[in-house]
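>>> predicted model and sequence follow; I will ask about them next.
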Amino acid sequence: MAADPTGDWRVADGVANIRVAQCNGNMWGVVAWEKTPGGRDSNNPDVARQSRPTLGMPILLAMKKKAGEDAWEGQVYNAKDGKTYDSTITPTDADHLEIRGCVLGFLCGGETWTRVGPPIPSSPANSMAKGTAKPAAPAPKTTGVVAGAKPGQKTASADPVGDICLLPDIAHAR
């Protein structure tokens, strides 16, 4: 069985970390760290969203488990061009996640992300949404270290994103 896709992942070009968690029965991923803070979704075709911060922005959208495979299918939002693509994520081992996206089902590209944070326990909010009596695991405690930060590096906030299942764009996607 392949590795758990949840956790924090550094994108191939190193400009961001993506936090992947299971929310509402699907895998979601949001920008959890930026190499250059203060990014905006300036290429979004929706003018009203062009000023939204990229930190906390969903990019892996409602990825559903593929039957019989260690892979999830859904969509990926590419802030570099403001477009959404059909996508698949597949853990290739405990420390690597392959993401592939396609336009029209055949113009495909992809990259491999590297793990920078451990798998994430099921969100208390997500566990409650599934109808369980109590959360499967407590939310991880903040340690004051940002995934990808160098030892001793000062950061404005230890975890500015937190539990991604509670972000409005994800919490309201049912």
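Looks like it arrived, so ask away.
>>> can we go C-alpha only for contacts and neighbour counts from here?
Will do.
>>> and the longest strand anywhere in the chain, how far out from the chain middle?
Identified as the longest strand of the chain according to DSSP state E is strand 83-93. Strand 83-93 sits 11 Å away from the centroid of its parent chain (Cα atoms, centre = their mean, to the nearest Å).
>>> and the contacts of that strand?
Strand 83-93 is contacted by residues 2-5, 44-45, 63, 70-78, 97-103, 105 when judged by Cα atoms under 8 Å, 6 or more residues apart in numbering.
>>> burial count for Arg52?
Here the number of neighbours of Arg52 (other Cα atoms under 10 Å) works out to 16.
>>> look at it and report its pLDDT.
Looking at Arg52, its pLDDT reads 95.
>>> I figured Trp72 was touching Met63, is that so?
Yes: counting by Cα atoms under 8 Å, Met63 is a contact partner of Trp72 at 5.3 Å.
>>> phi first, then psi, for the residue nearest in space to the middle of the chain.
Closest residue to the average C-alpha location of the chain: Gly29 at 1.7 Å, with Cα atoms, centre = their mean. Main-chain dihedrals, Gly29, degrees, to the nearest 10: phi -140, psi 140.
>>> dump the residue contacts of it.
Counting by Cα under 8 Å, 6+ apart, Gly29 touches 18-21, 58-61, 164.
>>> flag the shaky bits of this protein, pLDDT-wise.
Applying pLDDT under 70 to the chain picks out residues 1-2, 105, 122-158, 174.
>>> so where do the helices sit in it?
Assigned by DSSP state H, the helices in the chain fall at 124-129, 168-171.
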